[in-house]
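Peer 1: Below are the sequence and a predicted model; questions follow.
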Amino acid sequence: MAPIPTPPAEPQDSPDAYVGLESAPAERLARERGWTTVRALEPGTMITMEYRVGRLNFEVKDGRVARAWKG
C-alpha cells in the first residue's frame, strides 16, 4: 500500500487578522503571507465544503472582509 502523502504546511497566520480590511489589499496580504488560494465570496454564496490546505476564504460585504476562515 502506498504511503499517505503529507500535505504542505499552512501559513502560521490568523484569519481574524483580515476582518475589517478592504478586500483587494487583504487578498494581496494573504498571498504574501503564503496562502496559495484566496477566495472572496459575497454573503450567502453557496460553496463546497471540502477542506483545502492553503486556502483562505473571505466573506466580503461592502468591499471589506466581514469574515475569514481556512479551507
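Peer 2: Sure, I can see it.

Peer 1: Might you report the residue contacts of the residue nearest to V19 when sequence neighbours are not counted?
Peer 2: What sits nearest to V19 in space, not counting adjacent residues and going by Cβ to Cβ, 6 or more residues apart in numbering, is V65, at 5.4 Å. (C-beta placed from N, C-alpha, C; glycine too.) Listed by Cβ atoms under 8 Å, 6 or more residues apart in numbering, the contact partners of V65 are Y18, V19, G20, L21, E22, S23, A26, F58, E59.

Peer 1: give me every residue that touches the most centrally placed residue in the chain.
Peer 2: The chain has L56 as the residue nearest its centroid, 0.8 Å off, counting by Cα atoms, centre = their mean. By Cβ under 8 Å, 6+ apart, the contact set of L56 is P15, Y18, A30, W35, T37, V38, R39, A68, W69, K70.

Peer 1: tally of neighbours for the fifth one?
Peer 2: Other residues lying near T37 total 13 when counted by other Cβ atoms under 10 Å.

Peer 1: Wait, it touches R55, no?
Peer 2: Yes - contact criterion Cβ atoms under 8 Å: T37 and R55 qualify, at 4.1 Å.

Peer 1: Nice, that's everything, thank you.
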